[in-house]
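Peer 1: Return atomic coordinates for the entry below.
(chains A and B)
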Amino acid sequence: MAPKVLMVAEKPSIALSIATALSGGRMSTRRGSTDVHQFEGKFRGFLVEYRVTSVIGHVFSIDFPPKYQNWELTDPMDLFDAPTIKSESNPKAHIRRHLHQEARGCGHLILWLDCDREGENICYEVLECSGFLETEGKKIYRARFSSVTEKDILKAMDNLAAPNKDEALAVDARQEIDLKVGVAFTRFQTRFFQGRYGNLDSRIISYGPCQTPTLGFCVQRHLQITTFKPEKFWSLNAYIFKDGYELQLDWDRNKVFDFDVAVMFQKLVTDDGILKISNLSKKEETKTRPCGLNTVNLLKVASSSLGFGPQMTMQLAERLYTQGFISYPRTESTAYPSSFDFRSVLDAQLNNPLWGDLVRSLLANGFHKPRSGSDAGDHPPITPMRSANEDMLGNDAWKLYQYVCQHFIGTVCPDCKHIRTKVEFACGGEIFYCVGQQVTAKGFTSIMPWLAISEKKLPSFSKGDRIKIPKVDIYEGNTSPPDYLSESDLISLMEKNGIGTDASISVHINNICERNYVQVTSGRRLTPTALGTTLIRGYQCIDPDLCLPEIRSFIEQQITFIAKGEADHSRVVEHCLQQFAQKYSYFVKQIENMDALFEAQFSSLAQSGRLLSKCGKCTRYMKYIPNQPTRLYCVTCEEVYYLPQNGTIKLYKELTCPLDSFELLLFSMAGPDAKSFPLCPYCYNSPPFEGIETLFGSLKLGDSKKLGKGAGMPCFLCPHPTCRHSMITQGVCACPECNGTLILDPVSAPKWRLYCNMCNCIIFLPEGAHRISTTDKKCSECDSTIIEVDFNKKSTPLKDGATLHIGCILCDELLHSLVEMKHGKSFFKRRGGRGRGRRRGRGRGRGKNDDPKMSFRDF
DNA sequence: GCAAGGTC
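Peer 2: Predicted coordinates for the structure are as follows:
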């Protein structure tokens, strides 16, 4: 059997290109987590079976172990020294399993990951999954390629190298530093400010080495605008009449800031009264055609000309790419590889009704190669692939596609040529001028008309001409502040300062919008909110480094030492984290300074909200703060009680919680089939239990997510992960002892307890009860309400959907006779010896029954 | 619930 060679690319499309190039299109494709292309071919002189597949970006992502996931119990400072774990980024895709399976039986592995640091890091993720590192005799190769053309792929196959561990480690370092710094600061400031002010409407107050400097740019501009002091200025406008029309001349000094000086110059000019043409220049200028389109430029144009935000642009571009209309949309490069086939790209556009003619003439008369740009070694510039029309793509995607086409055609068009004429006039020692423009060759501007040169004709002048000045006006103006940063300006700043990458710039901008730090206003300009501004001003007064772009470049520079093999990975990480931990600790100490700014900006809880329900501690009414996060604030106790979000809240039957005397509330979820449930604000905010034995084993903190399917719905009411409170339809009935109201203990699951709010009687229900409701039946013995209990299938020997009807909680003997199941079988064994006259105990005491399952009180 | 980076 032929030896097997496995090849792994970063994304399915590259795997396909590689397989097609190496097999000449003669391969078979197997579906899997990602497609596997198989074919036979030569490798180092031997006939082998190739398998080409891919990952989908990073296989793993980094996080903290579960122990550190609880915000309440983890000091963010400890995160700097915490261990980290890597888990599959997308467990559902089963990439790890896929690679492991495909690697079986393969003696050679060729890594075709993108040729950048991230790609190098993914190489080692692939190595880990494939088991290639552990097995002796298996060969690992790294293909280095700058494009996925057949030529480049074959060249890479002839020059296989080894993966670069240092570059991979540099990425590991960045991941760990970003995680620890971001999460520590985010948790601290979120917990500090969250709920502290009434009109502070953000649930998460995040911090990150990319998003925060991005916000910093927007706020910096905002501060320039708000602190701007307009200044008066004056300028001279000279007018002449020539060839029958009036022409305004510009003043060489542009403007002066002293009115008397302006008047003096005006006098000098009017006293002279004659303009002499002192200089006349005429030269041909070139406006060069564009170079290839990269992601950043696409985002800028889409925002400024098409009105699409970066997030939307990337979504549209992604769709156009997966449908084969454009090439890969995440690229830094503006230069095409030398072997690029421009002709076939143009061929695909021949039938376009808008630019087909232009393309035809370019193909017939020869076209230019694009202006040389920069080759980042990642992917070629964004280029149209298949031809399309508006009906195929839909309005927005069509606009973006159209731009990509126009830009591409522009890159292969001639440059635009124009003649610029400048006439200079001297008068009274001052110089005035006017400029004319005449286009001689439209070049690429015919397909990109928004870049066209506007023509301006001038009358004919000759050097030495003397012209009488009819009037010289003084124009008075005010200097004006700059406008808010446009998205396009911000993208430029981010690119210039190395914030984010082609793939992540849009995410950072989206982040600061979603976190309510900035708002997109007309013309896609970014206006910081009070929260955004206050945060940045806060960093500026505690530690300005925290919001400067240098914080990113510092990390990049440090990890570059690792990538170049100049420094040890763990020492660099340790050094960086030590510095950030120091910054963190200083920030925590100084947070009061930031809080002072918040206090000035936001209203205190005592000033906001309306009175809603009574506090169980001081019995006074607490305030309901409707701004997110919605919460109650007790002005007397100065305590905050968070409420479930995204719904409405009102008093619940004026009942109080038996555990803490807080008034119960009724929460109704939003939406058409909104559910409602009662809750106690105090219990809802109580810390969760740890180590409790549940239906699902011993429970640890942070386990609630793991319970997953089959565990039923988690509780909306309390933080207890196994509480099934949300499923209770009616949790109250009459107490058999005193006819008071029985209320479910909100934190007692899975052992439901009923409390009586009058006599403090406690009644335990059988374990596993997960839904409790009152019925309209009455106990014949004592006239108490009969309640109904549903059991979870996991917790009882009952069949699915079984229901246990329980009789009167007090009168034991009735219990037996009332037991029935929906599926016809009895849950309780029929036994003798129980009957009237048994002890009618109350409370927690364990009864002496033959069968412990028999009595509620035995649980 | 938190970062930034891949990719879909």
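Peer 1: after the longest strand belonging to chain A, next one along is what?
Peer 2: Assignment by DSSP state E gives strand A:274-287 as the longest strand of chain A. Sequence-wise, the next helix or strand downstream of strand A:274-287 (DSSP states H and E) is helix A:295-301.
Peer 1: okay but residue A:156 is in contact with residue A:143, surely?
Peer 2: Yes. Here residue A:156 reaches residue A:143: they are 4.2 Å apart, a contact under Cβ atoms under 8 Å. Where C-beta positions appear, they are placed from N, C-alpha and C, glycine not excepted.
Peer 1: which neighbours do those two share?
Peer 2: Shared contacts of residue A:156 and residue A:143, defined by Cβ atoms under 8 Å, 6 or more residues apart in numbering, comprise residue A:112.
Peer 1: For the stretch 51-200 of chain A, which segments are assigned as helices?
Peer 2: With DSSP state H, counting those that start in this stretch applied, the stretch 51-200 of chain A shows helices at A:76-79, A:95-103, A:117-130, A:150-158, A:165-193, listed in chain order.
Peer 1: so of those, which one's packed in deepest?
Peer 2: Mean neighbour count, computed with mean count of other Cβ atoms under 10 Å, is highest for helix A:117-130 among the helices of the stretch 51-200 of chain A, reaching a mean of 23.
Peer 1: Tell me what angle it forms with helix A:95-103.
Peer 2: With axes from the mean of the first three to the mean of the last three Cα atoms, to 10 degrees defining the directions, helix A:117-130 sits at 70 degrees from helix A:95-103.
Peer 1: Name the strands paired with the longest strand of chain A and say parallel or antiparallel.
Peer 2: When pairing is defined by DSSP bridges, strand A:274-287 lines up against strand A:416-427 (antiparallel), strand A:466-468 (antiparallel).
Peer 1: Just name the most buried of those.
Peer 2: strand A:416-427 (a mean of 19).
Peer 1: Now do that strand: distance to the chain's middle.
Peer 2: Relative to the chain's own centre, strand A:416-427 is displaced by 50 Å; criterion: Cα atoms, centre = their mean, to the nearest Å.
Peer 1: Run through the neighbouring helices and strands of the following helix or strand past it.
Peer 2: The helix or strand immediately downstream of strand A:416-427 is strand A:430-441, counting by DSSP H and E. With contacts taken as 3 or more Cβ pairs under 8 Å, 6 or more residues apart in numbering; DSSP states H and E, strand A:430-441 sits against strand A:232-242, strand A:245-251, helix A:259-272, strand A:274-287, strand A:416-427.
Peer 1: Put the alpha carbons of strand A:430-441 into PDB.
Peer 2: Taking C-alpha atoms only, strand A:430-441 is exported to PDB below (Å, rounded to 0.1, in the frame of the first residue of the first chain):
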ATOM      1  CA  GLU A 430       1.400  90.600  -1.400                       C
ATOM      2  CA  ILE A 431       1.000  87.400  -3.500                       C
ATOM      3  CA  PHE A 432      -2.400  86.100  -4.700                       C
ATOM      4  CA  TYR A 433      -3.000  83.100  -6.900                       C
ATOM      5  CA  CYS A 434      -5.500  80.900  -8.700                       C
ATOM      6  CA  VAL A 435      -5.300  77.300  -9.900                       C
ATOM      7  CA  GLY A 436      -6.800  75.700 -13.000                       C
ATOM      8  CA  GLN A 437      -7.200  72.000 -13.700                       C
ATOM      9  CA  GLN A 438      -7.600  70.300 -17.100                       C
ATOM     10  CA  VAL A 439      -7.900  66.600 -17.400                       C
ATOM     11  CA  THR A 440      -6.000  65.100 -20.400                       C
ATOM     12  CA  ALA A 441      -6.600  61.400 -19.700                       C
END
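Peer 1: tell me the mean pLDDT for it?
Peer 2: Mean per-residue pLDDT for strand A:430-441: 95.
Peer 1: Got the domain ranges for chain A?
Peer 2: Chain A resolves into domains spanning A:4-163, A:172-227+A:489-600, A:232-287+A:418-478, A:295-414, A:608-683, A:686-701+A:710-859 when parsed by automatic domain parsing.
Peer 1: And the longest one, end to end?
Peer 2: Across its full length, domain A:172-227+A:489-600 reaches 41 Å end to end, with Cα to Cα, to the nearest Å as the criterion.
Peer 1: right, quick check: it against DNA strand B, any contact?
Peer 2: Yes. Using Cβ under 7 Å from any atom of the strand, we find that domain A:172-227+A:489-600 touches DNA strand B at A:174-175, A:178-179, A:182-183, A:186-187, A:190-191, A:194, A:203-204, A:206-212, A:500-504, A:507-508, A:511.
Peer 1: Show the backbone phi and psi for the spatially closest residue to residue A:590 that is not a sequence neighbour.
Peer 2: What sits nearest to residue A:590 in space, not counting adjacent residues and going by Cβ to Cβ, 6 or more residues apart in numbering, is residue A:542, at 4.4 Å. The phi/psi pair for residue A:542 (degrees, to the nearest 10) reads phi -100, psi -50.
Peer 1: what about residue A:542, distance to DNA strand B?
Peer 2: 18 Å (Cβ to the nearest atom of the strand, to the nearest Å).
Peer 1: Relative to DNA strand B, which of the helices and strands packed on strand A:430-441 is closest?
Peer 2: Closest of the helices and strands packed on strand A:430-441 to DNA strand B is strand A:274-287, at 32.5 Å (criterion: Cβ to the nearest atom of the strand).
Peer 1: Quick one: distance of the closest one to the chain centre.
Peer 2: For strand A:274-287, the separation from the chain centroid amounts to 53 Å (computed by Cα atoms, centre = their mean).
Peer 1: That strand to strand A:245-251, inter-axis angle?
Peer 2: Strand A:274-287 runs at 80 degrees relative to strand A:245-251, counting by the same axes, to 10 degrees.
Peer 1: what's in contact with strand A:274-287?
Peer 2: Here strand A:274-287 makes contact (Cβ under 8 Å, 6+ apart) with A:238, A:240, A:249, A:415-427, A:431-432, A:440, A:443, A:445, A:451, A:453, A:461-469.
Peer 1: what residues are up against residue A:399?
Peer 2: By Cβ under 8 Å, 6+ apart, the contact set of residue A:399 is A:306, A:308.
Peer 1: Now with 10 Å, please.
Peer 2: By Cβ atoms under 10 Å, 6 or more residues apart in numbering, the contact set of residue A:399 is A:302, A:305, A:306, A:307, A:308, A:316, A:390, A:393.
Peer 1: Please convert the residues you listed to JSON lines, extending it with secondary structure.
Peer 2: JSON lines is the format used below for those (DSSP: H, G, I helix; E, B strand; the rest coil):
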{"residue": "A:302", "secondary structure": "helix"}
{"residue": "A:305", "secondary structure": "helix"}
{"residue": "A:306", "secondary structure": "helix"}
{"residue": "A:307", "secondary structure": "coil"}
{"residue": "A:308", "secondary structure": "coil"}
{"residue": "A:316", "secondary structure": "helix"}
{"residue": "A:390", "secondary structure": "helix"}
{"residue": "A:393", "secondary structure": "helix"}
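Peer 1: hmm, back to that, can you get me a residue count around the residue nearest to residue A:590?
Peer 2: Residues lying near residue A:542 (other Cβ atoms under 10 Å) number 19.
Peer 1: same question, the one 5 residues further on
Peer 2: Residue A:547 has 24 neighbouring residues, counting by other Cβ under 10 Å.
Peer 1: Next, work out how far apart it and residue A:104 are.
Peer 2: Residue A:547 is 50 Å from residue A:104, where distance means Cβ to Cβ, to the nearest Å.
Peer 1: What's the local residue count around the spatially closest residue to residue A:465 that is not a sequence neighbour?
Peer 2: Distance criterion Cβ to Cβ, 6+ apart; nearest residue to residue A:465, sequence neighbours excluded, is residue A:277 at 4.6 Å. Residues within reach of residue A:277, counting by other Cβ under 10 Å, total 16.
Peer 1: what does residue A:33 give?
Peer 2: 20.
Peer 1: Ok, residue A:601 next?
Peer 2: Residue A:601 has 15 neighbouring residues, counting by other Cβ under 10 Å.
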